[in-house]
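Student: Pasting the sequence and the predicted coordinates here, then a few questions.
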Amino acid sequence: GITTTISIYKQRPSFFIVSSTVMADINTAINTCSRAEFDQHLALLFEPCPVLTERLFALRPFASAAFLVDAALDVFESCSEAERVAILGAHPRLGAPKKNLSSFSKAEQSHGVIVPPAVLARLAALNQQYEARFGFPFVCFVNKRSRADLLPEFEERLLRSRDVEMQAGLEAMVHIARDRLSQLLAASL
């Protein structure tokens, strides 16, 4: 049940090493904020996604913000297929116009590098093929790679089964959220 699930999150090791003061502030915020504030906090980590924020909000309290991010994996497992598709659909398309991206997505997908038109065209074609095949957008942990560097992974993942690809996308969202949380914590030190 929920009590067992919460106790598991309290026992998991943290992925982030930060000062206890910063961690205490974040822990207090995620466990005591309003639902609207919680939605805003999670939108920074996962992009706006009502299904995910509703489920995670119901699991509070968390031992740390890192445990909250980890809890998303278990939330994904408890979701219906339609809810998983909605969660993946909350993530922006790779190569989407900057006006459609959150500040984190802009930083992750750009690096001040001008993307050649041929790469943008290939990304658009791959996005279209991927979404037609799987019914949800391609999600990967960009991790400071150029858009051109992502093309081989994108092409390879088109060959996978839908179930494998759905799981890969959900796990990528957690990796992205961990990285964003790490950046937020580092900026607050």
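Tutor: Structure received. Numbering: from 1, shown residues only.

Student: Can you list the low-confidence ranges for this protein?
Tutor: Applying pLDDT under 70 to the chain flags residues 1-25, 95-112, 188-189.

Student: for it, which helix is longest?
Tutor: Counting residues, the longest helix found in the chain (DSSP state H) is helix 162-188.

Student: okay but Met166 is in contact with Leu88, surely?
Tutor: Yes: with contact defined as CB atoms under 8 Å, Met166 reaches Leu88; the gap is 7.0 Å. (C-beta placed from N, C-alpha, C; glycine too.)

Student: Mutual contacts of those two, please.
Tutor: Counting by CB atoms under 8 Å, 6 or more residues apart in numbering, the shared contacts of Met166 and Leu88 are Phe136.

Student: my guess is Ala90 meets Glu47, correct?
Tutor: Yes: Ala90 lies in contact with Glu47 (CB under 8 Å); the separation is 4.8 Å.

Student: And the two? Which one has more around it.
Tutor: A count of neighbours by other CB atoms under 10 Å puts Glu47 above the other of Ala90 and Glu47, at 22 against 19.

Student: any idea how far Glu81 is from that one?
Tutor: 20 Å (CB to CB, to the nearest Å).

Student: just Glu155 next, same as before
Tutor: Between Glu155 and Glu81 the distance, using CB to CB, works out to 25 Å.

Student: Remind me which helix or strand the residue lying closest to Leu59 once chain neighbours are set aside belongs to.
Tutor: Nearest non-adjacent residue to Leu59, counting by CB to CB, 6 or more residues apart in numbering: Ala71, 5.7 Å away. Element membership of Ala71, judged by DSSP states H and E, is helix 65-78.

Student: buried sites along the next helix or strand after that helix?
Tutor: Per DSSP H and E, the first helix or strand lying C-terminal to helix 65-78 is helix 81-89. Judged by neighbour count (16 or more other CB atoms under 10 Å), helix 81-89 contains these buried residues: Glu83, Arg84, Val85, Ala86, Ile87, Leu88, Gly89.

Student: got a list of contacts for helix 81-89?
Tutor: Under the criterion CB under 8 Å, 6+ apart, residues 49, 51-52, 76, 79, 135-137, 139, 166, 169-170, 173 lie in contact with helix 81-89.

Student: one more time with 10 Å
Tutor: Helix 81-89 has contacts (CB atoms under 10 Å, 6 or more residues apart in numbering) with 46-47, 49-52, 54-55, 72, 75-77, 79-80, 131, 134-139, 162-163, 165-167, 169-170, 172-173.
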